[in-house]
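[1] Take a look and give me a structure for this.
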Amino acid sequence: MKLSTLAGSHIVATGSAVPDIKISNEILSRIVDTSDTWISTRTGIKERRLLPKHKSIIDLAADAANEALDNALLSPSDIDLIILATSSQNDLFGSASQLQAAIKAKNAMGFDITAACSGFLIGLITASQFIQTGSYKNILIVGADILSRWVDWSDRSTCILFGDGAGAAIIQNTQKNDILGFHLNTNGAEAKQLSISYQYSPEATSSSYRQQSPPSGRYNYLRMNGKEVYKFAVSNVPKSIKKSLNELQISTDDISWLLLHQANQRILEAVADKLSIPTEKVVSNIAQYGNTSAASIPIALNECFEKGKICNGDIIVIAGFGAGLTWGTLVVQWNAIESN
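    Residues are numbered from 1 along each chain as shown. Reported below is the predicted structural model:
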């Protein structure tokens, strides 16, 4: 979808935070039947970060948010909306309000988006719509997940993949628009391929209702059909990117950076190959962090800014994909100098 020009959205700053605890492939090989070679060859991951037990997702999200605020030279009171993209909330009712309190953003309304690995992308697109209509002026979007607490550490197919982290971006209204267009999709029929499902306990039968005793249960560990998720990503993500570029009349040759959700190095390479985008334009930090779900895109984006990779006028194609199943593309042309 190509955006109209009611008002523009400018990415004024980013930030990120990861825990200090590093779990290398060698350490994992002591827990499950695996090896550094086996993991690296199949995923590109060398290590991942784990949040210590005494810390919460709000601690990580607040650290990333505060770094973005510092980089933007803004006070927390300047923020008027907070969007927290996470699938591992502190509270089932949502955690954006806790983040608002943690960073003392007293003037901000906050809400959660639960869309796993696509969450930050959807949050950024949602924020741009609020900016475009003039509803808000300074929006903080945070992607944060601690899926290490939702994996079965005896399941080699999942425990090797996921790590914890948080990333943030602040967008403002501006005359010159960074957000050029987007494309979003959902295929709920395949949601079972990647899920953390709720399961009723065996005793929670129909007789429980007759006895006026509410059924009980719990959430399962994260479950993923790796082969199907791989096929889904390498098939649908290039199509989404092509559709977005075609609507904007932009060629793949015009892309400065391809920033994909950091799920698997082989997926990054397969998508880039289908689009004929050279390796040097593909952003990858999966070796250091693993799959951090909603945090992966903003962490990678922040590292690009920190390293000075993104220059004025650069076109950045951002694509997220994951549980839902959801996927989508956001096309950004970053303007270094904001003009109001």
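[2] use CA for all of it now, contacts and neighbours both
    OK.
[3] which stretches of the stretch 51-200 of the chain form strands?
    With strands called from DSSP state E, counting those that start in this stretch, the stretch 51-200 of the chain shows them at 81-85, 109-113, 138-146, 164-174, 179-186, 194-195, 198-200.
[4] what residues does the second one touch?
    Looking back up the chat, that one is strand 109-113. 80-86, 94-97, 100, 119, 122-123 (C-alpha atoms under 8 Å, 6 or more residues apart in numbering).
[5] still on that earlier bit, any idea which of the strands of the stretch 51-200 of the chain gets closest to Asn246?
    Evaluated with C-alpha to C-alpha, the strands of the stretch 51-200 of the chain place strand 179-186 nearest to Asn246, the distance being 10.5 Å.
[6] elements contacting that closest one?
    For strand 179-186, the packing partners by 3 or more C-alpha pairs under 8 Å, 6 or more residues apart in numbering; DSSP states H and E come out as strand 8-17, helix 226-248, strand 326-333.
[7] Would you mark the buried spots in that strand?
    Buried positions in strand 179-186, judged by neighbour count with 16 or more other C-alpha atoms under 10 Å: Ile179, Leu180, Gly181, Phe182, His183, Leu184.
[8] repeat for stretch 167-181
    Going by neighbour count (16+ other C-alpha under 10 Å), the buried part of stretch 167-181 is 167-174, 176-181.
[9] so which of those comes closest to Ser216?
    Distance to Ser216, by C-alpha to C-alpha, is smallest for Gly167 among the buried residues of stretch 167-181, at 34.7 Å.
[10] Please name the residues that touch the residue nearest to that closest one when sequence neighbours are not counted.
    Spatial nearest neighbour of Gly167, chain neighbours left out: Ser16 (4.0 Å); criterion: C-alpha to C-alpha, 6 or more residues apart in numbering. Counting by C-alpha under 8 Å, 6+ apart, Ser16 touches Asp63, Ala64, Ala65, Glu67, Ala68, Gly165, Ala166, Gly167, Ala168, Pro298, Ile299, Asn302.
[11] From Ile141, how far off is the third one?
    Just to be clear, that refers to Ala65. Ala65 sits at a distance of 8 Å from Ile141 (criterion: C-alpha to C-alpha, to the nearest Å).
[12] Quickly list what's touching both of these two.
    Common neighbours of Ala65 and Ile141 (criterion: C-alpha under 8 Å, 6+ apart): Ala168, Ala169.
[13] And the furthest pair within the buried residues of stretch 167-181?
    Set against one another by C-alpha to C-alpha, these have their most distant pair in Gly167 and Lys176, with a gap of 24.2 Å.
[14] can you give me the helices in the stretch 51-200 of the chain?
    57-72, 96-102, 119-132, 156-159 (DSSP state H, counting those that start in this stretch).
[15] does Asp20 really touch Arg49, like I thought?
    Yes: counting by C-alpha atoms under 8 Å, Arg49 is a contact partner of Asp20 at 6.8 Å.
[16] Can you pick out the residue with more neighbours from the two?
    A count of neighbours by other C-alpha atoms under 10 Å puts Arg49 above the other of Asp20 and Arg49, at 23 against 10.
[17] is it fair to say that one lies in a helix?
    No: the assignment for Arg49, made by DSSP: H, G, I helix; E, B strand; the rest coil, is strand rather than a helix.
[18] before we move on, the earlier item: can you tell me which of the strands of the stretch 51-200 of the chain is nearest to Ala319?
    Judged by C-alpha to C-alpha, the one of the strands of the stretch 51-200 of the chain that comes nearest to Ala319 is strand 179-186, at 9.3 Å.
[19] and the angle for that closest one with helix 119-132?
    Counting by axes from the mean of the first three to the mean of the last three C-alpha atoms, to 10 degrees, strand 179-186 lies at 130 degrees to helix 119-132.
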